[in-house]
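S.K.: No letters, just coordinates:
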């Protein structure tokens, strides 16, 4: 006899309140647990996983399924990617030079390898090959935002549980990216006797030379940022509808990001630059609440039977990116100290997200010395190119899988 499960629906306003509380919980626990601080685990991930665990316990022992209305979360996803677009100024991208181009090429090659590995592992485990994309660049290089966005598309197409599996891979990848990057850089530095050549500069990232158009917290800058973000989301939706009518399917977050790129470079030409600090703060809040909502709504009981395969795929993908970072990224970027730091950041990008990449490089440079080149190139790839390259790679593999299965 099957146990009857009752449903409890959480409304959007309550979801926002709970997401903020989950974020506060994660921040408190992160302050108390050194491991979480050292490996730069976002508070939203910590708090969200605790919340989703409680939800799973309630489901298993009380027979109550808690469902969250995700309308606000979906909007936050569009806002976050719009902030990435609004931060991608062509004048800044040019500063990366040949090193930036080289790392973009390496990233493009790696994304193909990562997805090919994921698809091969899915087939080996007897699963639909499309699940391999969620054990590839959708979740690892793409992170939680991309996993959720593509997960919704996949589930609508009949790939059951794709979103939850993607979030699980993204979460484990976030941790793995932080744990793996530092040791790889230390090994390269010690093996090749490398030293920093920029002793007079700060160990952290570099500041932009561009003026930041006034107080980021001023009412004018906040309202202007909200208006620009609304334009990105609204115009992105219009572009998406036009593309859909012509048979071109793209996630909404990608078109919003492209509109942001267009807007920020147009207003810069008009000498009315966007206040980057304001945009970054809104992006930070959007991402934090987005992650909190996504993780607290995970249906962990649906992943119980897939824990073994998930860990197996994760281990293989860690080995793949370790090989790529050590033998390709390090060599292509010059086999010097900067290349070793970039390799640690590359691991963060490939398994986790841009914050993980920066955390890896901070850990290395605080011990071995500064690397301004790494802090210029890696964040540029993470904030702009990786999402575009990833979207193209995913679309390519979807096309290959679709033709193959027909």
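M.R.: Structure received. Bear in mind the structure is a predicted one, so any value in this text is a computation, not a measurement.

S.K.: Need the residue closest to the centroid of this structure.
M.R.: residue 143 (3.3 Å; C-alpha atoms, centre = their mean).

S.K.: Torsion angles phi and psi at the residue nearest to it when sequence neighbours are not counted?
M.R.: Spatial nearest neighbour of residue 143, chain neighbours left out: residue 353 (4.3 Å); criterion: C-beta to C-beta, 6 or more residues apart in numbering. Where you see a C-beta, it was placed from the backbone N, CA and C, and this is true even at glycine. Here is the backbone geometry of residue 353 (degrees, to the nearest 10): phi -170, psi 170.

S.K.: ok, now how distant is residue 353 from residue 334?
M.R.: 25 Å (C-beta to C-beta, to the nearest Å).

S.K.: which of the two has more neighbours?
M.R.: Per other C-beta atoms under 10 Å, whichever of residue 353 and residue 334 has more neighbours is residue 353, with 28 against 14.

S.K.: What helices and strands are in contact with the helix or strand hosting residue 338?
M.R.: Assessed by DSSP states H and E, residue 338 sits inside helix 337-351. Counting contacts by 3 or more C-beta pairs under 8 Å, 6 or more residues apart in numbering; DSSP states H and E, helix 337-351 is packed against helix 97-124, helix 162-191, helix 307-324, helix 330-332, helix 354-368, helix 372-380.

S.K.: Let me have those helices in a markdown table, adding distance to residue 25 and mean pLDDT as columns.
M.R.: What follows is these, written out as a markdown table (distance: least, C-beta to C-beta, whole Å; pLDDT from 0 to 100):
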| stretch | distance to residue 25 | mean pLDDT |
| --- | --- | --- |
| helix 97-124 | 32 | 93 |
| helix 162-191 | 16 | 85 |
| helix 307-324 | 24 | 91 |
| helix 330-332 | 39 | 96 |
| helix 354-368 | 19 | 79 |
| helix 372-380 | 29 | 80 |
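
S.K.: Now render the ones you listed as a markdown table, adding distance to residue 227 and mean neighbour count.
M.R.: Formatted as a markdown table, the helices and strands packed on helix 337-351 follow (distance: least, C-beta to C-beta, whole Å; neighbours: other C-beta atoms under 10 Å):
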| stretch | distance to residue 227 | mean neighbour count |
| --- | --- | --- |
| helix 97-124 | 31 | 19 |
| helix 162-191 | 31 | 23 |
| helix 307-324 | 40 | 18 |
| helix 330-332 | 41 | 18 |
| helix 354-368 | 26 | 23 |
| helix 372-380 | 26 | 24 |
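
S.K.: Out of those, the one nearest residue 244 is which?
M.R.: Nearest to residue 244 among those is helix 162-191; the distance by C-beta to C-beta comes to 20.2 Å.

S.K.: same for the closest one, what does it pack against?
M.R.: Using 3+ C-beta pairs under 8 Å, 6+ apart: helix 162-191 touches helix 43-62, helix 131-134, helix 143-156, helix 276-296, helix 307-324, helix 337-351, helix 354-368.

S.K.: hmm, back to that, which residues does the residue nearest to the centre of the chain contact?
M.R.: 170, 173-174, 352-353 (C-beta atoms under 8 Å, 6 or more residues apart in numbering).

S.K.: one more time with 7 Å, if that's ok
M.R.: When contacts are counted by C-beta atoms under 7 Å, 6 or more residues apart in numbering, residue 143 touches 170, 352-353.

S.K.: what's the pLDDT at it?
M.R.: Each residue has a pLDDT score; the one for residue 143 is 81.

S.K.: same thing with residue 296?
M.R.: 87.

S.K.: Give me the neighbour count for the residue nearest to it when sequence neighbours are not counted.
M.R.: If the residues on either side of it in the chain are set aside, residue 296 comes closest to residue 51, at 3.6 Å by C-beta to C-beta, 6+ apart. Residue 51 has 24 neighbouring residues, counting by other C-beta under 10 Å.

S.K.: Same check on residue 402?
M.R.: Residues near residue 402, counting by other C-beta under 10 Å: 11.

S.K.: which phi and psi does it have?
M.R.: phi -60, psi -40.

S.K.: quick one: it and residue 165, what's the gap?
M.R.: Distance from residue 402 to residue 165, by C-beta to C-beta: 19 Å.

S.K.: Skipping adjacent residues, who's closest to residue 293 in space?
M.R.: Counting by C-beta to C-beta, 6+ apart, residue 73 is the residue found nearest to residue 293 once chain neighbours are left out, at 4.0 Å.

S.K.: how much space between the one you found and residue 101?
M.R.: 35 Å.

S.K.: Equivalent analysis for residue 56, please.
M.R.: From residue 56 over to residue 101 (counting by C-beta to C-beta), the distance is 46 Å.

S.K.: do residue 298 as well
M.R.: 38 Å.

S.K.: again, but for residue 392
M.R.: 17 Å.

S.K.: can you check residue 313 too?
M.R.: In terms of C-beta to C-beta, residue 313 sits 31 Å off from residue 101.

S.K.: ditto for residue 399
M.R.: Distance of residue 399 to residue 101, computed by C-beta to C-beta: 26 Å.
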